[in-house]
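[1] here are the coordinates; sequence isn't available:
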């Protein structure tokens, strides 16, 4: 069974997140917020789930080009793999850069930039639709003759490299800064300050930005996030918000020329009759506030408990997805995503959160009983489900009567 190297690396990701949390406690720094970190990881889960469907098409397209248009049959040796690693990173630079410069593509990538914090959990925050716009940038490698399996493996390695650069705990790294993408360079990339926007698109090698005029040194500490904050802990909505915004512009733009510009011009472009281009504004750091909708303490603990269970369930699903029938895969995917949406609603204190959570728990129990009906643990599973349901219900009603708080505040609250 073939498993994505990124999925195999999940335990390492969480070990590194734990290390960063220990640093936060030891240095009394404020690196994580529970609501933001849960949303970041939820977006990563959503992307991995949707990739079970979208990535199949992207890999199939690469294989089709390789089989029919390859100019050579490049053998697998250490030096051809090293060459492919550099070429994949070069293609990544252009795919990433165009994801910032073309509004339609930005809709798939914007999710990665929405967090207003900067830590390892942000590395996991990925857009579910990004692969739809970026896979085409790698097809020239199939034409050159790099086989599909080697390409997929090397591409995953380029992605894995980028995890460690999402941190504020590592400063500048001397001469490495001239060749490689580093935490310092990537902090710039996540900044919403005008001088930092659309800079440092590299994956592994920062030389591409230096060569093509998109390099920016880290100077003052960046203000993280996007110019139009998403203000939501819902992992589905954060993937759809930009496309909703684009759809609204398209509906109010009768000219086809304007419609094409809305799709393919840079983010922020609008027709003149709708106000024209929205330029990024200088951030007043003294007054900047992060979105931080939060609920009662027991509700946040409940979300954390259910989220850990969801992580375990997701890991089991991803590692065994090849053994599922299509209808089982679709149902499991919808259940996992609905769980993340429900927990996001609890974090936002939405009126629909509690009914949605009760329905979600009932569906989860049905799924557990279904998938264990032919195993030797059905009785134990039934007992667990009964205990899980009643403990969860009692916990929900213990905080349901408490007054929730919903606000946009500074980052001094709700720390992990």
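    Good, I have the coordinates. Here the structure is a predicted model, which means the values were calculated and not measured. Numbers count the residues shown, from 1 in each chain.
[2] make it CA atoms for all contacts and neighbour counts henceforth
    Will do.
[3] show me the contacts for residue 62.
    138-139, 142, 148 (Cα atoms under 8 Å, 6 or more residues apart in numbering).
[4] how about CSV for those residues, with pLDDT added?
    Formatted as CSV, those follow (pLDDT from 0 to 100):
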residue, pLDDT
138, 98
139, 97
142, 97
148, 96
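[5] reformat those residues as JSON lines; add secondary structure, distance to residue 276 and neighbour count.
    Formatted as JSON lines, these follow (DSSP: H, G, I helix; E, B strand; the rest coil; distance: Cα to Cα, whole Å; neighbours: other Cα atoms under 10 Å):
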{"residue": "138", "secondary structure": "helix", "distance to residue 276": "34", "neighbour count": "21"}
{"residue": "139", "secondary structure": "helix", "distance to residue 276": "35", "neighbour count": "20"}
{"residue": "142", "secondary structure": "helix", "distance to residue 276": "40", "neighbour count": "24"}
{"residue": "148", "secondary structure": "helix", "distance to residue 276": "44", "neighbour count": "20"}
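[6] what does residue 271 show for phi and psi?
    Residue 271 adopts backbone torsions of phi -60, psi 160, taken as degrees, to the nearest 10.
[7] was I right to think it contacts residue 251?
    No. If you go by Cα atoms under 8 Å, residue 271 and residue 251 don't touch, sitting 12.0 Å apart.
[8] pick out whichever of the two has more residues nearby.
    residue 271 (18 against 9; other Cα atoms under 10 Å).
[9] skipping adjacent residues, who's closest to that one in space?
    The shortest distance from residue 271 to any non-neighbouring residue, by Cα to Cα, 6 or more residues apart in numbering, is to residue 258 (6.1 Å).
[10] verify the contact between that neighbour and residue 272 for me.
    No. At 9.3 Å, residue 258 does not count as touching residue 272 under the criterion of Cα under 8 Å.
[11] now the strands: where do they sit in this structure?
    Under the criterion DSSP state E, the chain contains strands at 290-291, 408-409.
[12] what's the least confident stretch among those strands?
    Of all the strands of the chain, the minimum mean pLDDT falls on strand 408-409 (a mean of 47).
[13] neighbours of the closest residue to residue 87 other than its chain neighbours, just the number please.
    Spatial nearest neighbour of residue 87, excluding adjacent residues (Cα to Cα, 6+ apart): residue 141 at 7.8 Å. Neighbourhood size, residue 141 [other Cα under 10 Å]: 20.
[14] where does residue 141 land on pLDDT?
    On pLDDT, residue 141 comes in at 98.
[15] please apply the same query to residue 377.
    63.
[16] I'd assumed residue 38 was in contact with residue 124.
    No. Using Cα under 8 Å, residue 124 makes no contact with residue 38, being 10.5 Å away.
[17] buried residues of the helix with the most length in the chain, list them for me.
    If you go by DSSP state H, the chain has its longest helix at helix 34-69. For helix 34-69, burial by neighbour count (16 or more other Cα atoms under 10 Å) applies to 34-52, 54, 58-59, 61-63, 65-67.
[18] of residue 258 and residue 272, who's got more company?
    residue 258 (19 against 9).
[19] ok, the more buried one to residue 244 distance?
    For residue 258, the distance to residue 244 equals 17 Å [Cα to Cα, to the nearest Å].
[20] output the contacts of residue 62 as JSON lines; include the columns distance to residue 341.
    JSON lines is the format used below for the contacts of residue 62 (distance: Cα to Cα, whole Å):
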{"residue": "138", "distance to residue 341": "33"}
{"residue": "139", "distance to residue 341": "35"}
{"residue": "142", "distance to residue 341": "38"}
{"residue": "148", "distance to residue 341": "35"}
